[in-house]
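> model this:
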Amino acid sequence: MKHLVVAGLLAVASVAVALDGQIVIHDPSTVVQCDGRYYTFGTGGTALVSDDGWTWRAGTRAPRAGMAPDLIHIGDRYYQYISRNVGAQPKAEINMIWSKSLDPDSPDYKWVEGGVVVSTNGIEDCNGIDPGTFLDPTTGRLWLTYGSYLGYIRLVELDPKTGMRRHPNLRPFDIAINCEASTMIYHDGWYYLLATHGSCCRGADSGYNIRVGRGKKPTGPFLDDNGIDMIQGGGKLVIGSGGRVVGAGHFGLLDLGEGVQKFSMHWEADFDRGGASVIDIRPLLWKDGWPTAGENAKEGTYQIESVRTGTVLELAVEGIPVGGRRAGRGGAGIGPSAGAGPGGGQAAPGGAPQAGGPPRGAPGAPQAGARGAGAPQAGAAGARGGMGGGGGMFAGSGSPLPDQDVNQVSAAWPSGNVDARMANYLCQAQQKWTLKAVPNGGGYPGSPYFRITVAGTERTLAATEQGELVVLPAFTGGPEQLWRLDQLADGSWRIMPKAVPNAKVPMAVSAIGASSATLSKYDPAGNKHRWLLKRP
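Okay, here's the model as predicted:
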């Protein structure tokens, strides 16, 4: 339940990063922003607050506690819906309280009792717990879903001005069975009912998982991708257990705007937190019209490829081909494979690289025609152009080529600031980037800020006052060196510096051509700001 609103490939050896601080909570409500902070409430009255959506701490408990609350902001009010059993299940009720602020230091902070919104009598086929609120963006109508395994998931309409039930004498809509912790979202003309299936409250033995169906009306029917109605037990998987976390439950949408959506949830057991129930925030992706869970950025080494151009971000230095340049007649580099243009290392007559590249004899520079340089030997076939099948310039070395040693090739790189640019990916050292979370560097919903360095070096990507990209000799921790990576709905990534000196609007890394990269205001409609993180 709850609202907090993959094409990008991650490195195999990357390291996952979890939310920081105090994150132990069960059944977290919708994560809602108030005056720049993020708030959520959970079963038993647990309250958490965060300044950035990454580092959490204990918040101020509301005066009413219960099970699986939900939270929504409408107009100048924050409505919180809290369920409780008033006898043996399924006898239950859902109460509403409201406040004009979630900040206990605000003069507008005061929780007011609104009363019972819905209840179940213990005989009817529904358990009145686990509320989930949904404000329809197309009509402005407010809806509440509720219920658990003891009967139906039900839907009633609320008054957005008061937060109370609009037509208390009308029978609720039955919309699903065999699930709980339900909520609804809207996307591209469809209403999506998300609910939690599986066994609750069993810690490391929990079978909790989040499933979804969709319909053309808030009242359903809600069918899954196989056409099975959720009232018959249908539901397409959104996220289940994986890695060292078990029991995915209580979906909540966090729409950050500009096409960036994330969702909150809890894990019944996080083994890295001693098996505790914890909150998590994940990117929300859309594939073939269905929501699916994305991944937050992970530490590791990647090539950063533009969706627009297919070229990759690199340090603007002359590249050395992996294994050395092929030698032809006289040892000269031959044809385009000699490395013309960015990332290839333009070869001059006689095989010597252009000015700015490593001189012959420098560490990492292949010796023209010499054995052991990594290039195939230019024998008789090579001297004739190497077109035969028995060897020559197209035959390779006959054994696997090792990865390029950045310590060798970087010996000839300039020592100061160097530009960043785009180039064809050639598996060269200047085209591999390492993401590493910055301790105590803050973050954003779901992730910390990262530093981005040329792999194997301290050379750090940064934003300049002119809104361009530069690679500094070392990381110093300035905001222009801290990077935010949000996974977008199609699985690609938006990459943004925490701050650009003197910039008036947030800016994102943009590919403006096959060989140029810059920073500009994010455009969610195009693909110039979309990037793929791929394993080198």
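> tell me the SS of Pro439?
coil (DSSP: H, G, I helix; E, B strand; the rest coil).
> what about it, neighbour count?
A count of neighbours around Pro439, defined by other C-beta atoms under 10 Å, yields 7. Any C-beta I mention is one placed from the backbone N, CA and C, and that applies to glycine too.
> number of nearby residues for Asp405?
13.
> how close does it sit to Val317?
Asp405 sits at a distance of 15 Å from Val317 (criterion: C-beta to C-beta, to the nearest Å).
> just checking, what packs against the helix or strand where Arg484 lies?
Secondary structure from DSSP states H and E places Arg484 in strand 483-487. Strand 483-487 sits against strand 276-287, strand 447-448, strand 450-454, strand 493-497, with contacts defined as 3 or more C-beta pairs under 8 Å, 6 or more residues apart in numbering; DSSP states H and E.
> cutoff 7 Å now
If contacts are counted by 3 or more C-beta pairs under 7 Å, 6 or more residues apart in numbering; DSSP states H and E, strand 483-487 sits against strand 276-287, strand 450-454, strand 493-497.
> which residues of the protein fall in helices?
In the chain, the segments counted as helices under DSSP state H are 380-383, 406-409.
> what about the strands in the stretch 51-200 of the chain?
Secondary structure of the stretch 51-200 of the chain (DSSP state E, counting those that start in this stretch): strands at 55-58, 67-74, 77-85, 91-99, 112-121, 132-135, 142-146, 153-158, 173-176, 180-187, 190-197.
> and Asp224, how many neighbours?
If we define neighbours as other C-beta under 10 Å, then Asp224 has 20 of them.
> any chance of the strands of the stretch 51-200 of the chain in CSV, with distance to Ser415 too?
Below are the strands of the stretch 51-200 of the chain laid out as CSV (distance: least, C-beta to C-beta, whole Å):
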stretch, distance to Ser415
strand 55-58, 36
strand 67-74, 52
strand 77-85, 54
strand 91-99, 57
strand 112-121, 64
strand 132-135, 56
strand 142-146, 61
strand 153-158, 64
strand 173-176, 63
strand 180-187, 50
strand 190-197, 53
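> now these in a markdown table, with mean pLDDT?
Shown next, in a markdown table, are the strands of the stretch 51-200 of the chain (pLDDT from 0 to 100):
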| stretch | mean pLDDT |
| --- | --- |
| strand 55-58 | 98 |
| strand 67-74 | 98 |
| strand 77-85 | 97 |
| strand 91-99 | 97 |
| strand 112-121 | 97 |
| strand 132-135 | 98 |
| strand 142-146 | 98 |
| strand 153-158 | 98 |
| strand 173-176 | 98 |
| strand 180-187 | 98 |
| strand 190-197 | 98 |
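> Can you say which of those strands is nearest to Val418?
In terms of C-beta to C-beta, the element of the strands of the stretch 51-200 of the chain nearest to Val418 is strand 55-58, at 33.0 Å.
> what does that closest one rub up against?
19-23, 47-50, 443 (C-beta atoms under 7 Å, 6 or more residues apart in numbering).
> Check which residues of it are buried.
Within strand 55-58, the residues scored as buried using 16 or more other C-beta atoms under 10 Å are 55-56.
> now stretch 493-509
Buried residues in stretch 493-509 (16+ other C-beta under 10 Å): 493-498, 500, 503, 507-509.
> Just flag the most distant two among those residues.
Longest span within the buried residues of stretch 493-509, C-beta to C-beta: Trp493 and Ala503, 20.3 Å.
> any idea how far Gly398 is from Gly323?
11 Å.
> of those two, who's got more company?
Each of Gly398 and Gly323 has its neighbours counted (other C-beta under 10 Å); Gly323 has more, 18 against 7.
> Rebuild the helices and strands packed on strand 483-487 as TSV, extending it with mean pLDDT and distance to Ala181.
TSV is the format used below for the helices and strands packed on strand 483-487 (pLDDT from 0 to 100; distance: least, C-beta to C-beta, whole Å):
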stretch	mean pLDDT	distance to Ala181
strand 276-287	97	13
strand 450-454	98	32
strand 493-497	98	30
